[in-house]
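Participant: sharing a model prediction with you, sequence too.
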Amino acid sequence: NAGVTQTPKFQVLKTGQSMTLQCAQDMNHNSMYWYRQDPGMGLRLIYYSASEGTTDKGEVPNGYNVSRLNKREFSLRLESAAPSQTSVYFCASSEGPKTGLFFGEGSRLTVL
Amino acid sequence: ILNVEQSPQSLHVQEGDSTNFTCSFPSSNFYALHWYRWETAKSPEALFVMTLNGDEKKKGRISATLNTKEGYSYLYIKGSQPEDSATYLCAFMNTGFQKLVFGTGTRLLVSP
């Protein structure tokens, strides 16, 4: 039972480099989310996708783009990484707005 | 901006103590309120999803109540055990969007 799978788990980038965080869920969930976790700030929503084919901005979308490739996959792209994007990133999915989120294991990104 | 506040920020109790935390959220346009437990080095896990004013949920020694008219929810832990040590997060969803906004959490430490 894989649940929500994120890759990579760790990544070090230089300022200005680009990268994509991949997320896939095997629970046939409609909604998917990307959060970042920073000390003292809890989980902040970057982007979410309520259903396949739709994406919307969260609280902190600047510097990120997302793609809901299909129902299973929701990727997060950093086009030009900045040190302020050093964080732990969590992908999550849910059946719908009245059900709990299932989280991936997190991806630790360091931007030098 | 949706403001979700949790108190206290941290709590240290002895094994066997009962404890409770508060989550405050906007009282207008309520859709759902979630509670999660987040253990160190793991991912958040859903405890409860509550949608109706007056809702009460229970799972073992943990229970939660909801007051949507005044915008607060309480999480109770009866007879705390060391394995209850974790950060407890609440998250709010309003009717206009399907994004889930988290509070910064209450960090609970239960000493044997």
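Facilitator: Received, thanks.
Participant: so what's residue B:17 up against?
Facilitator: Applying CB atoms under 8 Å, 6 or more residues apart in numbering or on different chains to residue B:17 gives the contacts B:79-80, B:110. To be clear about C-beta, it is placed using only N, CA and C from the backbone, and glycine gets the same treatment.
Participant: list just the nearest of these to residue B:34.
Facilitator: residue B:80 (21.4 Å; CB to CB).
Participant: coming back round to it: out of the contacts of residue B:17, which are buried?
Facilitator: Buried positions within the contacts of residue B:17, assessed by neighbour count (16 or more other CB atoms under 10 Å in any protein chain shown), are B:80, B:110.
Participant: can you flag which of the contacts of residue B:17 belong to helices?
Facilitator: Taking DSSP state H, every one of those sits outside helices.
Participant: helix/strand/coil for the residue of chain A at minimum distance from chain B?
Facilitator: Per CB to the nearest CB, residue A:100 is where chain A lies closest to chain B, at 2.7 Å. Under DSSP: H, G, I helix; E, B strand; the rest coil, the three-state class of residue A:100 is coil.
Participant: so it sits against residue B:34, correct?
Facilitator: Yes - between residue A:100 and residue B:34 there is a contact under CB atoms under 8 Å: 6.1 Å.
Participant: neighbour count winner among the two?
Facilitator: Taking other CB atoms under 10 Å in any protein chain shown, residue A:100 and residue B:34 do not tie; residue B:34 has more neighbours (26 against 20).
Participant: so what's that one bridging to?
Facilitator: Assessed by DSSP bridges, residue B:34 has beta-bridge partners residue B:49, residue B:91.
Participant: show me the contacts for it.
Facilitator: Counting by CB under 8 Å, 6+ apart, residue B:34 touches A:100-101, B:46, B:48-50, B:90-93, B:100.
Participant: and those residues as CSV, adding pLDDT and distance to residue A:51?
Facilitator: Listed next are the contacts of residue B:34 as CSV, based on pLDDT from 0 to 100; distance: CB to CB, whole Å:
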residue, pLDDT, distance to residue A:51
A:100, 92, 18
A:101, 95, 15
B:46, 95, 20
B:48, 96, 24
B:49, 96, 19
B:50, 96, 23
B:90, 97, 25
B:91, 95, 19
B:92, 93, 21
B:93, 91, 15
B:100, 88, 15
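Participant: highest neighbour count among the residues you listed?
Facilitator: Neighbour max across those (other CB under 10 Å) = residue B:90, 30 neighbours.
Participant: what about residue 72, how many neighbours?
Facilitator: By default, I'm working from chain A. The burial count for residue A:72: 17, using other CB under 10 Å.
Participant: let me rephrase: I mean chain B.
Facilitator: The number of residues packed near residue B:72 is 17, by other CB under 10 Å.
Participant: which helix or strand contains the residue of chain B found nearest chain A?
Facilitator: Closest residue of chain B to chain A, CB to the nearest CB: residue B:46 (2.7 Å). Assigned by DSSP states H and E, residue B:46 belongs to strand B:45-50.
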